[in-house]
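S.K.: quick one: sequence plus predicted model below, questions after.
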Amino acid sequence: MSVEKGFTKENLDYYLKELAKEFRKRNGKNTPAEIVLVGGAAILANYGFREMTYDIDAVITASSAMKEAVNAVGDRLSLPNGWLNADFKNTSSYSPKLSQYSKYYRTYSNVLNIRTISAEYLVAMKLMSGRRYKKDLSDIIGILSEQEGRGKSLNYQQIDCAVKNLYGGWDNISEYAIQVLKAALDSENLKELFMEQEYDEALSKQAVLQVEKYEGGKVKESNVDEIIQRALSKKNNGKDAR
């Protein structure tokens, strides 16, 4: 699901505060709930390179009152149904071990504990998703860049450990995603690499949208890389011709 104008760090915090108030009103102050933010929401909470996200995916550990609270806040603030959801559990990046490797973010209204995903595990999730037409791969570079800027650089061993802990190994991670990671770990200018990856992702998204528009429903995980590669090659050949 998504919000038309997207979630920012500021309005995300506001929505979580309102959710905590609503949950406490319905469930009392003696029964806490826990939510682990993943994906774009985890990046917003921990980093500054993303201005917004259009999805709030989470691991939700709470009573049925939480679902009621989510719906109530959504209705009151004109958010879409399921504005905070666990739909990502149906994707390849989900692992039942995510909560185990999460870290504390903050507590709202003394009842709603929010956790996020630690840096190397967030990279592992993005590697597993590895979608060239989304922000998965530029997110990896952005995380590595900001960690480096904080003096807490990630290395391959840390990421390798995270991938194995969550997914048992690298077998289901695409070769392209692995190449992007290796390039980022070897790069002396992550900010420039980040911009290059964002540009490639924008072209990839455009290619996917064009195929969906003119060929109707022919974009699948099995052929999306071929479609994107064809579009990027065409674009690069156009540059060379000039």
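M.R.: Received, thanks. This structure is a prediction, so every number in the text was calculated from the model and none was measured.

S.K.: by contact count, what packs against the longest helix seen in the chain?
M.R.: Criterion DSSP state H: the longest helix present in the chain is helix 190-215. Counting contacts by 3 or more C-beta pairs under 8 Å, 6 or more residues apart in numbering; DSSP states H and E, helix 190-215 packs against helix 136-149, helix 175-186, helix 224-241. Heads up, the C-betas are built off the backbone N, CA and C, glycines and all.

S.K.: what residues does stretch 67-85 touch?
M.R.: 1-3, 15, 18-19, 22-23, 25-27, 35, 56-58, 60 (C-beta atoms under 8 Å, 6 or more residues apart in numbering).

S.K.: PyMOL command for the buried members of these?
M.R.: Per 16 or more other C-beta atoms under 10 Å, the buried members of those correspond to this PyMOL selection:
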select buried, resi 3+15+18+19+22+23+27+35+56+57+58+60
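
S.K.: hmm, back to that, quick one: mean pLDDT for the longest helix of the chain?
M.R.: The predicted model gives helix 190-215 an average pLDDT of 84.

S.K.: care to break the protein down by domain?
M.R.: According to automatic domain parsing, the chain comprises the domains 9-117, 130-241.

S.K.: lowest-confidence helix or strand of the protein?
M.R.: helix 224-241 (a mean of 63; mean pLDDT, DSSP states H and E).

S.K.: ok, back up a step: packed most tightly, which of the domains of the chain would that be?
M.R.: Comparing the domains of the chain by mean neighbour count (mean count of other C-beta atoms under 10 Å), domain 9-117 ranks first with a mean of 18.

S.K.: tell me how far the ends of that one are from each other?
M.R.: Using C-alpha to C-alpha, to the nearest Å, the end-to-end distance of domain 9-117 comes out at 16 Å.

S.K.: any idea how far it is from the chain center?
M.R.: 13 Å (C-alpha atoms, centre = their mean, to the nearest Å).

S.K.: change the start of the numbering to 597 and stick with it
M.R.: Fine by me, first position is 597 from now on; the one you just mentioned is domain 605-713.

S.K.: tabulate the helices and strands packed on helix 786-811 (a markdown table), appending distance to E647.
M.R.: Formatted as a markdown table, the helices and strands packed on helix 786-811 follow (distance: least, C-beta to C-beta, whole Å):
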| stretch | distance to E647 |
| --- | --- |
| helix 732-745 | 11 |
| helix 771-782 | 21 |
| helix 820-837 | 24 |
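
S.K.: excluding covalently adjacent residues, which one is nearest to K613?
M.R.: Nearest non-adjacent residue to K613, counting by C-beta to C-beta, 6 or more residues apart in numbering: Y704, 5.2 Å away.

S.K.: which ones are touching the residue nearest to the spatial centre of the chain?
M.R.: Nearest to the geometric centre of the chain sits G635, at 2.2 Å (C-alpha atoms, centre = their mean). By C-beta under 8 Å, 6+ apart, the residues touching G635 are 649, 651, 653, 684, 689, 721.
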